[in-house]
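Enquirer: The amino acid sequence is not available; the structure is as follows:
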């Protein structure tokens, strides 16, 4: 009987040593996203991170057998947590040389206008006062000032590089209010956010979105250089994101979940 128990214990121990080769070899991934409303790509609803980018990333990770926990936090803190290696990846970030010091981006991120390994491509547009006669002529330097953009976002750096005077605030809603209050300059945002916010009574029939995009950026699942994933694991996830993004059935289902929204979700504190 004793010998039989020894064999049983040895068998269990052998089994446990094999488990890291399977599911347990892939620990839970810790991912952060901006707590600000960035509809439909990332936002907080019922204290949960949601959005199209979250759908794409979480589906890709699930298909590869990864478990993931998404945590919303202020954007600056999200970047800092990645730099310190306290989170594994950010959902999502555009490429910047400064960020690349502590984040891994796909191989073409630094030079491709439309990266193969993007989660999605995101356009930026201008919002002006409804009675403004300004039309974008293709030159960033001619944009009315101040140019308002979310604090900490890469689009603000693009505008600063063009020599524009900036007025930055956390989130687009604050920038919309500043535009109405000061009655000068523009707001730089994504078309989806512009259309969503202008459904609110506070902004309706007071502002307008200009049709021509001023910038287009690829956004990535960006991995912490101090994180736990190796190059092969990172590339496998980026490749799977491409597969999800190019799945028309999945993307149609994801998009429909946000197309009928009539008001922005209310962000809750983390």
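Expert: Cool, got the structure. Given the structure is predicted, the values throughout are model-derived calculations rather than measurements.

Enquirer: What segments of this protein are helices?
Expert: Along the chain, counting by DSSP state H, helices occupy 2-18, 52-63, 75-84, 154-161, 172-182, 191-197, 231-245, 248-259.

Enquirer: between these, which gets nearest to residue 29?
Expert: Minimum separation from residue 29 across the helices of the chain (CB to CB) falls at helix 52-63, 6.7 Å. Any C-beta I mention is one placed from the backbone N, CA and C, and that applies to glycine too.

Enquirer: Direction-wise, compare that closest one with helix 231-245 and give the angle.
Expert: Counting by axes from the mean of the first three to the mean of the last three CA atoms, to 10 degrees, helix 52-63 points 120 degrees away from the direction of helix 231-245.

Enquirer: which residues touch helix 52-63?
Expert: Residues outside helix 52-63 that contact it (CB atoms under 8 Å, 6 or more residues apart in numbering) are 29, 31, 33, 40-42, 67-68, 70, 91-92, 119-120, 219, 221, 237, 240-241, 243-245, 250-251, 254-255, 257-258.

Enquirer: Would you show me how to pick out the buried ones of those in PyMOL?
Expert: Provided next is the PyMOL selection string for whichever of the contacts of helix 52-63 are buried by 16 or more other CB atoms under 10 Å:
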select buried, resi 29+31+33+40+41+42+68+70+91+92+119+120+219+221+237+240+241+244+245+251+254+258
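
Enquirer: thinking again about what came up before, closest one to residue 130 among the helices of the chain?
Expert: Closest among the helices of the chain, using CB to CB: helix 172-182, at 10.1 Å.

Enquirer: how about that closest one: buried residues?
Expert: 172-176, 178-179.

Enquirer: Look up the closest residue to the spatially most central residue of the chain, ignoring the ones flanking it.
Expert: By CA atoms, centre = their mean, the chain has its centre lying nearest to residue 92, at 2.8 Å. Nearest residue to residue 92 in three dimensions, chain neighbours excluded: residue 219, at 4.1 Å (CB to CB, 6 or more residues apart in numbering).

Enquirer: per-residue confidence at the one you found?
Expert: Looking at residue 219, its pLDDT is 98.

Enquirer: does it really touch residue 34, like I thought?
Expert: No: using CB atoms under 8 Å, residue 219 is not in contact with residue 34, being 11.3 Å away.

Enquirer: Just give the number of residues close to residue 142.
Expert: Per other CB atoms under 10 Å, the neighbour tally for residue 142 reads 12.
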